[in-house]
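> test case, fold it:
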Amino acid sequence: MFVSARSDYALRAMLAVAATGGGGGGDRVGELVKAASLAEVQDIPLSFLQGILLDLRRAGLLHSHRGADGGYALTRPADEITVGDVLRAVGGSLTTVRGLPAERAGYHGVAAGLTDVWLAVHGAIATVVDSTTLADLLTHAPTTR
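Here you go, the predicted model:
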């Protein structure tokens, strides 16, 4: 698995939103976090972050509200959003082989067993990222900066 800057930034932004209470789902939105604030606090280029936030919104992980009092909030509680949700929202498949999802990597002859290896790697990664929530990560975060 390769963790791109885009994936890393997306997770950091989601954690920052979750840490400010910007979530809860349903009608309870919580505190809105501005993109510029996320960019500054997490040291992410704002123009890059805006594209990431758009992907996270399209994936249904963030709400956005316009205006002077606008910003971003989680669509669900932090304990219902996994690392896997975020990674898939911004990067697609968790594991790729030559740019293709692991399940589409085809081999023949002596290399035929590689498909099973890549699928096992994909499964192991999915197990970890799909069982780790934003709330889990926040409980392990230091309380001071």
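
> the helix or strand bottoming out on mean pLDDT in the chain pairs with which strands?
Using mean pLDDT, DSSP states H and E, strand 100-101 stands out as the lowest-scoring helix or strand of the chain, at a mean of 83. Sheet pairing of strand 100-101 (DSSP bridges) gives strand 96-97 (antiparallel).

> who touches the strand it pairs with?
Strand 96-97 is contacted by residues F2, A102, R104, A105, W118 when judged by CB atoms under 8 Å, 6 or more residues apart in numbering. Quick note: C-beta positions are derived from backbone N, CA and C, even for glycine.

> could I have the buried ones of these as ChimeraX selection syntax?
A single ChimeraX command suffices to select whichever of the contacts of strand 96-97 are buried according to 16 or more other CB atoms under 10 Å:
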select :102,105,118
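
> in strands only, show me the contacts of strand 96-97.
Assigned to strands by DSSP state E, none of these qualify.

> state the pair within the contacts of strand 96-97 that is farthest apart.
Taking every pair in those and measuring CB to CB, the maximum separation is 16.9 Å, between F2 and R104.

> re the thing from before, from the contacts of strand 96-97, which has minimum pLDDT?
Among the contacts of strand 96-97, F2 has the lowest pLDDT, at 79.

> could you find the closest non-adjacent residue to it?
Leaving aside its chain neighbours, F2 sits nearest to T96 (7.8 Å; criterion: CB to CB, 6 or more residues apart in numbering).

> give me the neighbour count for L54.
13 (other CB atoms under 10 Å).

> show me what whatever helix or strand it lives in is packed against.
Assigned by DSSP states H and E, L54 falls within helix 46-58. Judged by 3 or more CB pairs under 8 Å, 6 or more residues apart in numbering; DSSP states H and E, the packing partners of helix 46-58 are helix 5-19, helix 35-42, strand 62-65, helix 83-91.
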